[in-house]
Structure formats: C-alpha cells, structure tokens
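Colleague: My questions are about this predicted structure, shown below with the sequence.
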Amino acid sequence: MSTCVDHVPRVLVLGSSGFIGSRVVASLAGSGGAHVVALSRKPVARLRNNNATIATADISVPGSLIPFLADTDVVVHAASYVGSEPRLAYEINELGTGNVVEQCRQAGVARLIHVSTCSVYGSGPHRGILESEAGYHPASVASASRAIAEQLILGYGGEVVRPNLVFGAGDRWFVPGVLKLMKVAGGWPGDGSALLSLIGVEALGRLLSGLALAPGQPGQAFHAAYPEPVRVSFLLQNVARIFGAEYPKFLRDDERAGSALRAAGFSGHQIDVVTKDHWYSSEGLWRISGREPESFNSALGEFSSAYQVPGSPIGHKPVERFV
C-alpha cells in the first residue's frame, strides 16, 4: 500500500533581512507549513528554524535568482527601495522586479507575490476604497517606480499586497516621522480627525504568510491593514504616551507650520498622508489568508514595546518612508 505524503511548498522570500521580509520568513517558518528559502542581498544571521535556509543574491543582477528557483512553488518579493534617489528606485524597483519576473518565467514559477504600498495611489483623501477603485497617481520617485513594479507583477499574473502605514520594531520611518512632524511644526498640522489604515509589521508578516500558503489569486491586488481605521488623534495619544511627550495642539491650516515643514524637507504629499483620510478596505486579504482580523487596539502592547527598547530608531532620517 502506497502512502500519500502531503507536499510541503517551497517558498522563496526576497528581501528576507528587511523590515517586512524578515517577518514573512519568521511566520512561514514558524507555521511548519512551508520550507522557506530566505534570500537577501547581504548575508543575514543564522536562522534558528529547520524549516528555513539562507541564500544570498541580488535581484538587480540578471540571472542571480535562477539557482534558487528550482522546485519553488511561491516567490514572495519583499525587496524594494523607498528612498528618493531616482537611480536606485529604477535599478531596484523597476529593473530588479523585471529580473524577478523574467527569472520566475524561465524557472516555471507560477506564483509570485509582491509587497507594494498604498502610496502608488498618491495623495488622498481616500476613504474605504477597494483595490480596484483607485488608479495610479504616485507622488514620489519611489512610489512611481513601485507602481511600475506592480504592473510588471500583475502582468505576469502575480499578486500584489499594498500596506499603507506599518509600525513595529525596526520602524525607521513611520513613528519617527510622526515625531519629527510634531517637533518641526510645534504641534500637529491639521485637526487630528483624519482616519488612517495602519498595521503592525508582525500582523503583516502573518497576512503575507497566510496568503502564500493559500490558493493563488492570479492578477489580484490586496490592501493590508487592520479592518478598522485609526483616528490620528488616537494615534498621537499613544505616541505621546510611549515617548513621554506632550500631547500636541492641533494647528489646522496654520501656514507657519506648513512653511516650517516644507523647510524641513517634508513634501505636501508626505504631510497629506498623515493629516487627511487614507484608509482602505482590507477585508479580502484577512479572509483569503485565513487569519482572524486584528485591530490597532489589540496591538497597542506591540505598538508600545516596539519603541520602548534600547536602540529605538528615533533620530534616523524619517521622511522618505511616506512614499
């Protein structure tokens, strides 16, 4: 009598040492439902999990992924550039993603999942829109190149996941950027009523892991956020509590604050992202990934602990994250 052995999928995670990619690796490996190949441009520390192995390659180099794609069932592409240098945005986000798509095609890998951003939509207000309801209107070099990357992925029949604002241990951009906005403006631009889509990086890793292990959704895009948006005033209460800062006064349309923020390097788009409604329907990804929906309230402990550790990244250059 023959014994049927369930196939354990092989999942290659690109950008596995990054803020999001490392969480995808941890969730997939910890689930026991996949063998993970954790690939990054630079060598990473040894993984303490028998379900994962480490590999080194650069997506910007044509052909560099081919040795790792044999027998791969799913590729999760979490490697991207979020800065303001046009050359790097082009080389990593556009050419790099093109290399990924072409090598998946050559190796016969049918399933390709790409981590993108809601910033490909540009400035809002955005209120509960579905993935199919907003076109591409990127307002920065990075988001423009990521929009092109998305189109390459979707054209291949891959899947795209778009988080909006992501918090958690290792965040060098979102919460540090919020703090810098408060400091530079001498308060908070706007009136604090804006609603934002947020997600913790650990929850995002679980969502991406669940999607990778679920049946494929060819050519589909998904928002990745807690289903309930978070009001800016509540976000600021928690930021002030964590850092022992004074709760900011709301400056509304004070032109002096706007001038100070522009002088400090904040673009109008970057200010809009956290002062106008930017929230997105995200129920689809929670359902397909098989994860129970979470909320910002349930993640307040994670939110606090992420920024209350030695070496917290406050003071790093923050503003390029809002792309």
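Modeller: Yep, that arrived.

Colleague: How about the contacts made by Gln237?
Modeller: Counting by CB atoms under 8 Å, 6 or more residues apart in numbering, Gln237 touches Tyr247. Every C-beta, even on glycine, is put in place using the N, C-alpha and C of the backbone.

Colleague: I'd guess it is in a helix, am I close?
Modeller: Yes - under DSSP: H, G, I helix; E, B strand; the rest coil, Gln237 sits within a helix.

Colleague: I'd like the distance between it and Gly96.
Modeller: Noted for Gln237: a distance of 39 Å to Gly96, by CB to CB, to the nearest Å.

Colleague: and if you look at Ser193?
Modeller: Distance, Ser193 to Gly96, by CB to CB: 39 Å.

Colleague: cool, and Ser140?
Modeller: Plainly put, Ser140 is 18 Å away from Gly96 if you go by CB to CB.

Colleague: So between the two, which is more surrounded?
Modeller: Gly96 (26 against 20; other CB atoms under 10 Å).

Colleague: Let me know the secondary structure of the residue nearest to that one when sequence neighbours are not counted.
Modeller: Spatial nearest neighbour of Gly96, chain neighbours left out: Ile59 (4.0 Å); criterion: CB to CB, 6 or more residues apart in numbering. With three-state DSSP as the basis, Ile59 sits in coil.

Colleague: Got the confidence number for Ile59?
Modeller: Ile59 is assigned a predicted lDDT (pLDDT) of 96.

Colleague: All the helices of the stretch 101-250 of the chain, residue numbers only.
Modeller: Using DSSP state H, counting those that start in this stretch, the helices found in the stretch 101-250 of the chain span residues 141-156, 174-185, 201-213, 232-243.

Colleague: Return the most buried member of those.
Modeller: Among those, ranked by average contacts under mean count of other CB atoms under 10 Å, first place goes to helix 201-213 (a mean of 24).

Colleague: Kindly format the C-alpha coordinates of that helix as PDB.
Modeller: What follows is helix 201-213 as a C-alpha-only set of coordinates in PDB (Å, rounded to 0.1, in the frame of the first residue of the first chain):
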ATOM      1  CA  VAL A 201       4.600  44.500  11.000                       C
ATOM      2  CA  GLU A 202       4.100  41.200  12.800                       C
ATOM      3  CA  ALA A 203       0.500  41.100  11.600                       C
ATOM      4  CA  LEU A 204       1.600  42.000   8.100                       C
ATOM      5  CA  GLY A 205       4.100  39.100   8.200                       C
ATOM      6  CA  ARG A 206       1.300  36.700   9.200                       C
ATOM      7  CA  LEU A 207      -1.000  38.000   6.500                       C
ATOM      8  CA  LEU A 208       1.600  37.500   3.800                       C
ATOM      9  CA  SER A 209       2.500  34.100   5.100                       C
ATOM     10  CA  GLY A 210      -1.200  33.100   5.100                       C
ATOM     11  CA  LEU A 211      -1.600  34.400   1.500                       C
ATOM     12  CA  ALA A 212       1.500  32.400   0.400                       C
ATOM     13  CA  LEU A 213       0.000  29.200   1.800                       C
END
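
Colleague: Identify the residues contacting the spatially closest residue to Tyr136 that is not a sequence neighbour.
Modeller: Distance criterion CB to CB, 6+ apart; nearest residue to Tyr136, sequence neighbours excluded, is Ala147 at 4.5 Å. Ala147 makes contacts with Val120, Tyr136, Pro138, as judged by CB under 8 Å, 6+ apart.

Colleague: Pull out the buried members of the residues you listed.
Modeller: If you count burial by 16 or more other CB atoms under 10 Å, the buried members of these come out as Val120, Pro138.

Colleague: Surely Val24 is in contact with Ala78?
Modeller: Yes - Val24 is within contact range of Ala78, at 6.1 Å (criterion: CB atoms under 8 Å).

Colleague: what touches both of the two?
Modeller: Counting by CB under 8 Å, 6+ apart, the shared contacts of Val24 and Ala78 are Val13, Ser16, Leu208.

Colleague: And what about the residue lying closest to the last one once chain neighbours are set aside, helix, strand or coil?
Modeller: It stands for Leu208. Computed as CB to CB, 6+ apart, the closest residue to Leu208 that is not its neighbour in sequence is Val24, at 4.8 Å. At Val24 the chain is in helix, as set by three-state DSSP.

Colleague: Perfect, that will be all.
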